[in-house]
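> coords please:
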Amino acid sequence: MCAEHDGTVVEVDAAHVVVATDKGLETFGAALQKVSAELPEDLAQGEMVLRRLPVSEDSIFAGKALKDSGLRNTYHCLVVGIEKPDGTLHTPHASLPLEVGDTIWLVGEHKDVDALLA
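Next up is the predicted model:
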């Protein structure tokens, strides 16, 4: 999949990871939604969305390793990146601790992401 918006090209396939600015990630999210709309009906029943989840002091995720956060197994969301307070994006690793001030970038079905953010 390849998307272009305002000169930002975001390309993804089985061998690539998306690393981009907020605008680039939004472009990726829009492209992901477009592709999911083209999927066969049984695969496209749940709308996929890209959202960010800030880790605040009272967050249940603060201080937990990504593997212990439940984001994948409990909320059925895929973490696609961790943005640090200085704006740097990091590839998610299972042992990566989530810290106050981090922003978790995740993809999931609309209903799952809504449940997580509620």
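
> what number of residues lie near residue 68?
Residue 68 has 13 neighbours, counted by other Cβ atoms under 10 Å. For every residue, glycine as well, the C-beta is placed using N, CA and C.

> All the strands of this protein, residue numbers only.
Using DSSP state E, the strands of the chain run over 2-5, 8-11, 48-54, 78-83, 89-90, 103-109.

> Nearest to residue 21 among those strands would be which one?
Of all the strands of the chain, it is strand 8-11 that lies closest to residue 21, at 7.2 Å by Cβ to Cβ.

> how about stretch 83-96: buried residues?
For stretch 83-96, a neighbour-count test (16 or more other Cβ atoms under 10 Å) marks 83, 89, 92, 96 as buried.

> Of the residues you listed, which is the nearest to residue 116?
Relative to residue 116, the closest of the buried residues of stretch 83-96 is residue 92; by Cβ to Cβ it sits at 15.4 Å.
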